[in-house]
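Novice: Structure for this input, please:
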Amino acid sequence: MNGSSGNTKRSLLLFIVVLATRVLAQPVEPDTVWMRTYGPGIGRSVAVTTDGGLVILTRTENNAACQLIRTTGMGDSLWTRRFALPRAVAVIAAQGDSYVLVGYSGREVLILWTDDAGDSVMQQVHLDSLGEIRGAALCSNGDVVITGCAWGSGILYHRVLLARIGEQDQPVWWQVFNVWDWGSVGESVAETQDGDLLLSGSTNEIHVCRAFLIKTNSTGQFQWTRFVGQPGSEPAQATGAIQTSDGGYALLSYGGGTYFNMMLTKFTSGGAQQWQQTYACSHGSTANDVIELPSGGFVLAGWASPDDVQQFCVVGCNSAGTEVWRISLPDSGYSNGAQAIAMMPDSDVTIVGSRGMSDSPSQVFAMRIGDASNNSSVHEPQYGLPSDLSLCVYPNPFNNSTTISLSLPQAGRVALSVHDLLGRQIGSPTAGFFPSGTTQIPFSAEGLATGVYFVRLQFQNQSVLQRIHVLR
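Specialist: Here you go, the predicted structure:
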């Protein structure tokens, strides 16, 4: 009887330990720092300013004009400027406090250069073959590259347009080409680390299309082309592509069977496919933008329809493409969903787009979420002699006290401080000479209200930030 009771207790204890381990390891969505709406329109693109704020490009629903909204890092509007720039596709941060907006009208490429006060100069470049611009990027030498399509004789015969534009009011070079006989269109373009160009796009119509990824040199000469999807049976339509920190590439698309869904395909630097993941929703989803996180994971933005209602949707995945969290915001009216993503200086992520309201036009919408690399509410400190500077807070979130673990690659002088979301320092910093390896420092949250704060570690010429969450 006693042996049976002991076995039962041990089994129960084992069950509790396993259950607790699973609960602690369960990924959770990042904290929402703030949400804002900025009036009627569609948030199309976003860029981060030198002071950690934002510039948000919005379009009117008829695409006749655009607005640039300048905000603080907390989303508070500083100024709004309206420009007679039709069909604006992107805002890009340039050198200093200046920005580039790209749009088009007829056969004219319109490039608007504006400073941080919203004062602007328009550059107009004629392209005989221009049909539509879908994507644009700013190169390291100040040139602007665009992609889209040149009109064909019908919808099946559009051709990809790729052009590079310098300071003069004419292209440095441009070309029009077919990726598939029945037509194709460029969706995005970016400069790679070695100065080459990365182009994504789609072939033909949506029901039989394939997504493609093209690597060219700086003058647009093809190096290789890769396809995703099978015509008819497994269609895929590209919406963007980025170069990843390991020198490879990630192609964002949507496609599949009865309902289309977000897809992300990872390639090596030579163009070999490593993996492909689909992020399903019961009634379909589409993808509009992707960024890579410092952890090597990714954040995808788009919209999802779990019940025939379109929702603003953001998905986070790890470096293997496995989904670890999802944010879906239901709307009461038509929504264009999440359109663009920006990485903030502290590794937070800002997403812009539009959300539908039942009795009013779509509203420009933005939200900032916490460090999306942290996909679990519990982060255990790592011990041993580190090769890099690191900072860990455990437990986190916490009530009254926690432990700050800082790891140094070598002995030296350290400054440790706590700041609120506006960057204001709270209390006096801890400073002193610390040994190499890991040091644990108790931290009391006495006097702090419930909310999000940052711990900052400064060592030599390096600085590390860690978000903490105080709960009362």
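
Novice: what bits of the stretch 201-350 of the chain have low per-residue confidence?
Specialist: 205-208, 231-233, 257-259, 282, 306-309, 331-336 (pLDDT under 70).

Novice: let's see 50
Specialist: Scanning the stretch 201-350 of the chain for pLDDT under 50 picks out nothing.

Novice: So which residues of the stretch 151-300 of the chain form strands?
Specialist: 159-165, 171-177, 184-191, 197-203, 211-216, 222-228, 236-243, 249-256, 260-267, 273-279, 285-292, 298-304 (DSSP state E, counting those that start in this stretch).

Novice: gap between the two ends of stretch 427-445?
Specialist: From its first residue to its last, stretch 427-445 covers 11 Å (C-alpha to C-alpha, to the nearest Å).

Novice: hmm, who's touching it?
Specialist: Stretch 427-445 is contacted by residues 381-386, 393, 398-418, 455, 470 when judged by C-beta atoms under 8 Å, 6 or more residues apart in numbering. For the C-beta atoms, the positions are set from N, CA and C on the backbone; glycine is no exception.

Novice: Contact partners for G103?
Specialist: C66, L85, P86, R87, A88, V89, L110, L112, I133.

Novice: Repeat the analysis, applying 6 Å as the threshold.
Specialist: L85, P86, R87, A88, L110 (C-beta atoms under 6 Å, 6 or more residues apart in numbering).

Novice: Pick the one among those closest to G247.
Specialist: A88 (31.7 Å; C-beta to C-beta).

Novice: any idea which element that closest one lies in?
Specialist: Applying DSSP states H and E as the criterion places A88 outside every helix and strand.

Novice: End to end on stretch 199-210, go ahead and measure it.
Specialist: Start-to-end, stretch 199-210 (C-alpha to C-alpha) is 14 Å.

Novice: what residues does stretch 67-87 touch?
Specialist: 34, 36, 38, 52-56, 58, 63-66, 101, 103-105, 110, 112, 118.

Novice: how many neighbours does T265 have?
Specialist: 25 (other C-beta atoms under 10 Å).

Novice: which residues does it bridge with?
Specialist: Beta-bridge pairing for T265 (DSSP bridges): L251, Q276.

Novice: and it, how far is that from W275?
Specialist: Counting by C-beta to C-beta, to the nearest Å, the separation of T265 from W275 is 7 Å.

Novice: Ok, G296 next?
Specialist: Taking C-beta to C-beta, one finds G296 at 13 Å from W275.

Novice: Name the SS class of the nearest residue to I42 once chain neighbours are set aside, please.
Specialist: Leaving aside its chain neighbours, I42 sits nearest to S354 (4.6 Å; criterion: C-beta to C-beta, 6 or more residues apart in numbering). What DSSP: H, G, I helix; E, B strand; the rest coil gives for S354 is strand.

Novice: S354 against S362, yeah?
Specialist: Yes - if you go by C-beta atoms under 6 Å, S354 and S362 touch, sitting 4.2 Å apart.

Novice: more crowded one of these two?
Specialist: S354 (30 against 20).

Novice: what ranges of the stretch 1-150 of the chain fall below the confidence cut-off?
Specialist: 1-2, 8-26.

Novice: Show me where it has its helices.
Specialist: 2-25 (DSSP state H, counting those that start in this stretch).

Novice: What are the boundaries of the strands in it?
Specialist: Under DSSP E, counting those that start in this stretch, the stretch 1-150 of the chain gives strands at 32-40, 42-48, 54-59, 66-71, 77-83, 90-93, 98-105, 108-115, 120-126, 132-138, 144-150.

Novice: buried ones in the first one?
Specialist: Taking 16 or more other C-beta atoms under 10 Å as the basis for neighbour counts, the residues of strand 32-40 that come out buried are V33, R36, Y38.
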